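A.B. asks: okay, structure incoming, though there's no sequence with it:
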């Protein structure tokens, strides 16, 4: 009987935790951007006690490849808890947007070769962006025109595929973002001249990453520094691809982010 009570108690706790998790995620309101025949799903979090007469920073966060889809849910798996944290919401009021990339698409224009010896990425930012990236750019332009957005504090970040998208959107909108976070990502190291010196960056990677080689981040950091960018680089010696876990746990992460403005 005691074992049964323990079992049902554990099950009850799990259901309680899942329900609490769902309630918290519900604070990220579901929304859609519709441009002609194209639709971008996204979730948006407003500050507590939101006052449209005030101005707030805008944070755009791009998810990884595993969270692609059309459910307008999965993109909140990684990172949303950072912005839902009660203390963070009180100390860093902001409007936070998590768009969702379609299943068959990719944020960045990249040719990807996957193999057991390691994945390789070749980036091409010429021409028009991928459909999902183009919609995200239109969404940023739309929200930045709202009177309650502080245009001096537009921020962007992302992990893995989203880190790659972060580097591309910085190149495509070089005068837009005050600061950026790129976690276990990659990009075209020869594209940084368009935004180096305009956007401060903090780049993260796991030294044991076997999905996206940390050398990709190292090259970005080197070229950014050579171009005069203000860039921080954190390499976690024991982390594999999920370097977003220690990155989100950095005690100064949001303090650093919100210290930046145009």
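C.D. replies: Good, I have the coordinates. Computed from a predicted structure; not experimentally measured.
A.B. asks: every contact and neighbour count from this point should use C-alpha atoms.
C.D. replies: Will do.
A.B. asks: and stretch 247-255, which residues are buried?
C.D. replies: 247, 248 (16 or more other CA atoms under 10 Å).
A.B. asks: tell me the mean pLDDT over that stretch?
C.D. replies: Per-residue pLDDT over stretch 247-255 has a mean of 98.
A.B. asks: so how far is residue 231 from residue 247?
C.D. replies: 15 Å (CA to CA, to the nearest Å).
A.B. asks: ditto for residue 70
C.D. replies: For residue 70 relative to residue 231 (CA to CA), the value is 34 Å.
A.B. asks: between the two, which has more neighbouring residues?
C.D. replies: Between residue 70 and residue 231, residue 231 has the larger neighbour count (other CA atoms under 10 Å), namely 20 against 16.
A.B. asks: which non-adjacent residue is nearest that one?
C.D. replies: residue 201 (4.7 Å; CA to CA, 6 or more residues apart in numbering).
A.B. asks: what lines up beside the helix or strand containing the one you found in the sheet?
C.D. replies: Per DSSP states H and E, residue 201 falls inside strand 200-206. Using DSSP bridges, strand 200-206 pairs in its sheet with strand 179-183 (parallel), strand 231-236 (parallel).
A.B. asks: which one of the ones you listed lies nearest to residue 146?
C.D. replies: Taking CA to CA, strand 179-183 is the member of the strands paired with strand 200-206 nearest to residue 146, at 19.7 Å.
A.B. asks: hmm, who's touching that closest one?
C.D. replies: Residues outside strand 179-183 that contact it (CA atoms under 8 Å, 6 or more residues apart in numbering) are 153-160, 162-164, 166-167, 199-205, 243-244, 247, 257, 260-261.
A.B. asks: now stretch 133-152: buried residues?
C.D. replies: Quick answer for stretch 133-152 (16+ other CA under 10 Å): 133, 135, 136, 139, 140, 144, 148, 149, 150, 151, 152.
A.B. asks: before we move on, what about stretch 112-124?
C.D. replies: Buried residues in stretch 112-124 (16+ other CA under 10 Å): 120, 121, 123.
A.B. asks: so residue 260 is in which element?
C.D. replies: Here residue 260 is assigned to no helix or strand, by DSSP H and E.
A.B. asks: swap in residue 59?
C.D. replies: strand 56-62.
A.B. asks: with residue 152 instead?
C.D. replies: According to DSSP H and E, residue 152 maps onto strand 149-159.
A.B. asks: helices or strands up against that strand?
C.D. replies: Contact analysis of strand 149-159 by 3 or more CA pairs under 8 Å, 6 or more residues apart in numbering; DSSP states H and E lists strand 56-62, helix 131-144, helix 161-172, strand 179-183 as its packing neighbours.
A.B. asks: need these in a markdown table with mean pLDDT, can you?
C.D. replies: As requested, the helices and strands packed on strand 149-159 are exported to a markdown table (pLDDT from 0 to 100):
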| stretch | mean pLDDT |
| --- | --- |
| strand 56-62 | 98 |
| helix 131-144 | 98 |
| helix 161-172 | 98 |
| strand 179-183 | 98 |
